[in-house]
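**Q** below are the sequence and a predicted model for it; my questions follow.
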Amino acid sequence: MGPGFRGVDGLRPHRCATLFRASWIALLAAGVALSAALPADAQPAAAPGVSVKELVAVLPFRVHSAQPLSHLETSLADLLSSRLEASGQVEVLDEVRARDALLAQAGERTEDTLRRLARDLGADFVVTGSLTELAGRFSLDVRVTPVDSDATARTMVMTAEDEGELLDRVQELSEEVVGIVGAERAGPAIAEVRFEGAPPDLDAGVRSLLQSQPGELYSASRAREDVELLEAYPSVAGARVLTQQTEAGLVVTFQMAQAEELPAPVAEQAGTREIVEVKVRGNKRI
C-alpha cells in the first residue's frame, strides 16, 4: 500500500485499528457490567441434563518407613488421581495446585485445616493418606474430608503384602473414594458391563442378578453389592469392580479369581497301611 492509503472514512490503517480495539474493549466492559448487574437467578444456568462433577483434591501421601520409599508419597497420590479421573465420575484438581496449597498450610493436617484448604482450592473434598511400611508389609490409611463442616470425614484402611499388591489396592481405593464422594449423586449411565476371569459355570442367570447393567445409572454402593454377590458364588474365590470412561460411555468390569479345586484323593494302593507313628533311634548327638 502506498503512503497515501486511507482506510475506513479516510482514516489511516493504524488509526482505524486503534478505534476498532477501543470499541471492542468498550463493548466487552459493557457486557461484563451488564452481567454483574443481573440478579443471580438471571445468570446463565448450566445446560439441562449436564451433571456437575464433584471436585476432589488429592494430597501427597505421608510415608512412614525405615526404607527409602519417599517416591511413594507422590506416586500413590498421582496413581489415585488418574484412577479417579478414569472413573469419569469426579473431577480431580491439578496436583501442582494441590501441593502448592498444602505447602502454604503449615502444621498438622487437622480436619479444620483440610476443610480450610478445600475452601481455598474450591474443592468439594480433600483426600489425604498415610502409608506405614514394616518388614515389607504395608498399611494404608486414607481419609476423605468434605469441605462442608456439617458432613463427616470418612476413613479407610487397607493392607498389602508387598509393593505390587499395594499398587493394586489403589484401584479399590479409588472405588471407595468415588462411593463416598458420590454417595448422594447418581452416576453416569453404564454403556457396557464386562467380565474377566469368570468361571465357565457362571451362567447368564447369575449375571442378570447384578444391579450394574447397561443403561442403568452407575452406583458405587450397588457395584460393591454386586461384588459380594459374585464372591458368594462357589466357583469365585474373589472379585473386584473397575470402571473406565470411554468414548462410548462408562464401562464397568468385574474381575474374578476362580476358586481352585482341591486335588482328588489318591486311591489307596493294595498292600499299604496307614503310618501311625515315626520313631528315630540312634546316637543321641543326632
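**A** Done, it's in.
**Q** against Glu277, how distant is the residue nearest the centre of the chain?
**A** Within the chain, one residue has its C-alpha closest to the average C-alpha position: by CA atoms, centre = their mean, that is Leu84, at 2.4 Å. Computed as CB to CB, to the nearest Å, the Leu84 to Glu277 distance reads 61 Å. (Each C-beta comes from the backbone N, C-alpha and C, glycine too.)
**Q** go on, Arg116?
**A** Arg116 is 72 Å from Glu277, where distance means CB to CB.
**Q** tell me which of these two has more neighbours.
**A** In this view Arg116 and Glu277 are compared by other CB atoms under 10 Å, and Arg116 has more residues nearby, 15 against 4.
**Q** picking up where we left off before, and the contacts of the helix or strand hosting the residue nearest to the centre of the chain?
**A** Assigned by DSSP states H and E, Leu84 belongs to helix 71-87. The contact list for helix 71-87 (CB atoms under 8 Å, 6 or more residues apart in numbering) reads 56, 58-63, 90-92, 95, 127, 129, 131, 140, 166-167, 170-171, 173-175, 177-178, 243-245.
**Q** only the buried residues of it, if you could.
**A** 72-73, 76-77, 79-81, 83-84, 86-87 (16 or more other CB atoms under 10 Å).
**Q** do the same with stretch 173-183
**A** Neighbour-count burial for stretch 173-183 [16+ other CB under 10 Å]: 173-182.
**Q** per-residue confidence for the residue nearest to the centre of the chain?
**A** In this model, Leu84 is scored at 88, pLDDT.
**Q** distance check, it against Pro214.
**A** For Leu84, the distance to Pro214 - CB to CB - is 23 Å.
**Q** again, but for Ala237
**A** In terms of CB to CB, Ala237 sits 26 Å off from Pro214.
**Q** burial of Ala135, as a residue count?
**A** 6.
**Q** likewise Leu102?
**A** 19.
**Q** next one: Ile275
**A** Neighbour tally, Ile275, other CB under 10 Å: 6.
**Q** what separates it from Arg116, distance-wise?
**A** In terms of CB to CB, Ile275 sits 71 Å off from Arg116.
**Q** by contact count, what packs against the one helix or strand Ala101 maps to?
**A** Per DSSP H and E, Ala101 falls inside helix 95-104. Using 3 or more CB pairs under 8 Å, 6 or more residues apart in numbering; DSSP states H and E, the elements in contact with helix 95-104 are strand 54-58, helix 71-87, helix 111-121.
**Q** out of these, the one nearest Asp203 is which?
**A** Nearest of those to Asp203, taken as CB to CB: helix 71-87 at 28.9 Å.
**Q** can I get the CA coordinates of that closest one in PDB?
**A** What follows is helix 71-87, C-alpha atoms only, in PDB (Å, rounded to 0.1, in the frame of the first residue of the first chain):
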ATOM      1  CA  HIS A  71       8.900 -41.900  45.900                       C
ATOM      2  CA  LEU A  72       5.500 -43.400  47.100                       C
ATOM      3  CA  GLU A  73       4.500 -40.000  48.600                       C
ATOM      4  CA  THR A  74       3.700 -38.600  45.100                       C
ATOM      5  CA  SER A  75       3.400 -41.800  43.000                       C
ATOM      6  CA  LEU A  76       0.500 -43.100  45.100                       C
ATOM      7  CA  ALA A  77      -1.300 -39.800  45.000                       C
ATOM      8  CA  ASP A  78      -0.800 -39.500  41.200                       C
ATOM      9  CA  LEU A  79      -2.000 -43.000  40.600                       C
ATOM     10  CA  LEU A  80      -5.100 -42.500  42.700                       C
ATOM     11  CA  SER A  81      -5.800 -39.200  40.800                       C
ATOM     12  CA  SER A  82      -5.500 -40.900  37.500                       C
ATOM     13  CA  ARG A  83      -7.800 -43.700  38.600                       C
ATOM     14  CA  LEU A  84     -10.400 -41.200  39.900                       C
ATOM     15  CA  GLU A  85     -10.300 -39.300  36.600                       C
ATOM     16  CA  ALA A  86     -10.700 -42.600  34.600                       C
ATOM     17  CA  SER A  87     -13.800 -43.300  36.500                       C
END
